[in-house]
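Engineer: Task: produce atomic coordinates for the following.
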Amino acid sequence: MVAVLVDRSGRVKEIMVGDTDRVSLPDIGRQRGGDRRFRGIRLLRTNLRAESGESPELSRDDLADLNQLQLDMVVSIAVGPGGYPGRVTWAHLIPENPEGDLWLTRDAINPSELEQEIEFDHFIAELESEYQRKSRRAISTDGTPALLAYVSTPDARPEDVHLEEMYELCRTASVGIVDTIVQKRTKLHPKYAMGRGKIEDLSQRAVQLGADLLIFAQDLQPGQLRAITDETDLRVIDRTQLILDIFAQHAKSRDGKLQVELAQLRYNLPRLSDRNTGMSRLMGGIGGRGPGETKLEINRRRARDRINKLEQQIEKLEQQRTLRRQRRQHNDIPIVSIVGYTNAGKSTLLNNLTLSTVLSEDKLFATLRPTSRRLELGRDRALVLTDTVGFIHDLPPDLVSAFKATLEELQDADLLLHLVDMSDDEFDARIEAVDRILDDLGLGQKERLLVFNKEDLVEPEVAQALARRFDALTISALDKDSFEALQLELERRVFARRQHQESYDIARE
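Structural biologist: Modelled structure (predicted):
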C-alpha cells in the first residue's frame, strides 16, 4: 500500500509505503487546526483488496485519522488492471448529522471524476465555514465547553443523581456541558474506563461540538488518564480534579490557598513520574488553575519537599486557630457549628441570623474556610455560630485529609446544626452522606440539631410531614421571620445543657 499526504497547494508533503492492509502515518503534530478547524492536508492511499469494479472501503483507521487529525479529506483508491487507478471512495468531516456520523462518504469511478465533481479550494472553504457556524450554534454556553463522560456500573450511585451533581459541579467551575455520554458496564475498563469504541465516539463528538475538554464523572487512575488523553487528543480531567479546580477558584485566604495547593500536590504526586505531554495539557484552565498549578510538573522529590513545607505552614495556622478557640472557651461562649451538604444554604443562614456579609453564592463549595460570627439570643445570652465547608458524596480522600483542619472547629462545638435542603429530591441520601463524613471525623456522637432549609420551595404539608418524620425544624434561610423557633431551640439545647452540666459539677463538689 502506498499513501501520500498532500497540502492545499497540491504539494506532496509525505510519502509512506506499508503492507497490504495498512500504512503508518508520520507524526504531523496533534494540535488542532485552529479557527480553520481542518488540518489543510489530504490523505490519499491505494487499496489493494478492492474487487475489480467495486468501490474500495475506507478502513476504521482511515476514518479515525480523518477525525482525530482533522484532515481535509481521506481518499481510498482501488488498484485496477495493470496497476492503473480504479474506483475511488472518499470522506470528509461534517459539522452535524442526525445519523450521528461525523463524516460523509462518497465514491467516484476514478480520481479524474472526483476532480471534476468538486472544485476543492471552494469546497473546503465552504465546508469549514459551515462547520464553524454550526459548531458555534451547538455550544450554547458561556462556560468552557466540555463533554461529560460517565460509566454506569451496578455498584454506582443512581445515574440521574450522580449526573445531576456533576452538572452542578461543572456549573460552579464555569464549565458548559455540551453533551453527556454514558456507557453501562459491569466495571470500569482497566485502560480507558469506557470501552475503546466509546472513547472514539467521544473524540468524534468533541470535534463535532468544538469541545476540547473531557470530564469523567468518576475518578481515573493515572494510567487511564494518560491513555484517554493520548487516544482522544483532549484535555481530560476526572471528578477529583474538577472539585480541586472549584476549591482553587474559591480559595481567597492564605489558609485556603495553602490547603488547595496541598490537596493538588497530594493528588498529582503519583502522576508526576510518568507525566507526558498529554498530562501537560492539564496546565491552566479547568482542572489546572489556582494555587499550586506551577507545581504540577516538578519532580517527586521537590513535590514531597513542598508538601512537607505546606504541612508545616498549615500546622502553624492550626495552632493560631486553636488559640482563638481557647479564648472563646475562656469567655465561656458556647459554639454552634453549621454543617451540611454543599449548597444547602449554610452561609445564607449564617448571614441572616447574625446580620453578617459572609460570601454566599448559589454554587458548590462557596465556603472554604470556617467563618465564625456572634449570635445574640437576648437575656444576655449569646453564642458563636460557625459556618464550615460543605460536604459532598464520596469526598475525595485527598480533600478530606487536606481540609480536615478546616473542619476541626467541629470538635469544639457544643452543638452541630445540620442544615438540609428539603427541596432536593435526594435530601435523604445527602443526610446520610453528611452523617457518614461526621462519623469518619470521629463526630458521630456529637449532639445535632436537624434543620430543613428552603421551606418556601416545597408545599407546607410536605414541610410539616418532614419535620415530624425527622423530628426537625423547618426554615427558609432567606426569611428571617422563620428563625424564631430555631433561635429558641438553639437557646434551649445549648444553655439548658450547660446549666445541667454546671448543676452536676456543683453537686459533685
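Engineer: from here on, contacts and neighbour counts on C-alpha atoms
Structural biologist: Will do.
Engineer: Please, where are all the strands along the stretch 251-400 of the chain?
Structural biologist: 335-340, 371-378, 381-387 (DSSP state E, counting those that start in this stretch).
Engineer: Could you do the stretch 1-150 of the chain as well?
Structural biologist: So, for the stretch 1-150 of the chain - with DSSP E, counting those that start in this stretch - the strands run 2-7, 12-17, 41-47, 73-79, 85-93, 103-108, 144-152.
Engineer: Identify the neighbouring strands of the first one in the sheet and state each direction.
Structural biologist: Spelled out, that is strand 2-7. strand 12-17 (antiparallel), strand 41-47 (antiparallel) (DSSP bridges).
Engineer: Now find how far off-centre the longest one is within its chain.
Structural biologist: So the one you mean is strand 41-47. Relative to the centre of its chain, strand 41-47 is centred 39 Å away, using C-alpha atoms, centre = their mean, to the nearest Å.
Engineer: What are the contacting residues of it?
Structural biologist: Outside of strand 41-47, the residues that reach it under the criterion C-alpha atoms under 8 Å, 6 or more residues apart in numbering are 1-8, 21, 56, 71-79.
Engineer: For PyMOL, write the selection for the buried entries among those residues.
Structural biologist: Provided next is the PyMOL selection string for whichever of those are buried by 16 or more other C-alpha atoms under 10 Å:
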select buried, resi 1+2+3+4+5+6+7+56+71+72+73+74+75+76+77+78+79
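Engineer: related to what we said a few turns ago, okay if I get the strands paired with strand 2-7 as TSV plus mean pLDDT?
Structural biologist: Listed next are the strands paired with strand 2-7 as TSV, based on pLDDT from 0 to 100:
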stretch	mean pLDDT
strand 12-17	89
strand 41-47	89
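Engineer: how about a markdown table for those, with distance to I243 and mean neighbour count added?
Structural biologist: A markdown table is the format used below for those (distance: least, C-alpha to C-alpha, whole Å; neighbours: other C-alpha atoms under 10 Å):
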| stretch | distance to I243 | mean neighbour count |
| --- | --- | --- |
| strand 12-17 | 44 | 14 |
| strand 41-47 | 39 | 23 |
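Engineer: Distance to A477 for these - can I get that in CSV?
Structural biologist: Compiled in CSV, these are given as follows (distance: least, C-alpha to C-alpha, whole Å):
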stretch, distance to A477
strand 12-17, 66
strand 41-47, 60
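Engineer: of all the ones you listed, which lies closest to Q249?
Structural biologist: The closest of the strands paired with strand 2-7 to Q249 is strand 41-47. By C-alpha to C-alpha, the value is 40.2 Å.
Engineer: how many degrees apart are the closest one and strand 73-79 in direction?
Structural biologist: Put simply, strand 41-47 runs at 20 degrees to strand 73-79, going by axes from the mean of the first three to the mean of the last three C-alpha atoms, to 10 degrees.
Engineer: Helices of the stretch 101-250 of the chain, start to end?
Structural biologist: For the stretch 101-250 of the chain, applying DSSP state H, counting those that start in this stretch gives helices covering 111-117, 120-138, 159-172, 196-209, 222-232, 239-250.
Engineer: So in this structure, where's the weakest helix or strand by average pLDDT?
Structural biologist: Ranked by mean pLDDT, DSSP states H and E, the weakest helix or strand in the chain is helix 277-280, scoring a mean of 37.
Engineer: Any regions of the stretch 1-150 of the chain where pLDDT drops low?
Structural biologist: 29-37, 52, 96-101, 131-143 (pLDDT under 70).
Engineer: coming back round to it: and the strands of the stretch 251-400 of the chain: which comes nearest V458?
Structural biologist: strand 335-340 (19.0 Å).
Engineer: Given that closest one, what are its sheet partners and their directions?
Structural biologist: Assessed with DSSP bridges, strand 335-340 is paired to strand 381-387 (parallel), strand 415-421 (parallel).
Engineer: So which of these has the densest surroundings on average?
Structural biologist: Comparing those by mean neighbour count (mean count of other C-alpha atoms under 10 Å), strand 415-421 ranks first with a mean of 24.
Engineer: Run through who's touching that strand.
Structural biologist: Here strand 415-421 has contacts from 335-341, 344-346, 410, 427, 430-431, 446-454, 493-494, using C-alpha under 8 Å, 6+ apart.
Engineer: Could you do stretch 197-214 as well?
Structural biologist: 64, 67-68, 94-96, 102, 135-136, 138-139, 145-149, 178, 181, 183, 192, 228, 231-237.
Engineer: Show me just the buried residues among the residues you listed.
Structural biologist: Buried, going by 16+ other C-alpha under 10 Å: 67-68, 94-96, 102, 135, 138-139, 145-149, 178, 192, 228, 232-237, out of those.
Engineer: can you pull the contacts of the nearest residue to L58 once chain neighbours are set aside?
Structural biologist: In space, and not counting its chain neighbours, L58 is closest to S76: 6.3 Å by C-alpha to C-alpha, 6 or more residues apart in numbering. Contacts for S76 (C-alpha under 8 Å, 6+ apart) come out as 44-47, 56-58, 88-90.
Engineer: can you put those residues in CSV and add distance to L486?
Structural biologist: As requested, the contacts of S76 are arranged in CSV below (distance: C-alpha to C-alpha, whole Å):
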residue, distance to L486
L44, 75
R45, 76
T46, 79
N47, 78
P56, 76
E57, 73
L58, 70
V88, 78
T89, 74
W90, 71
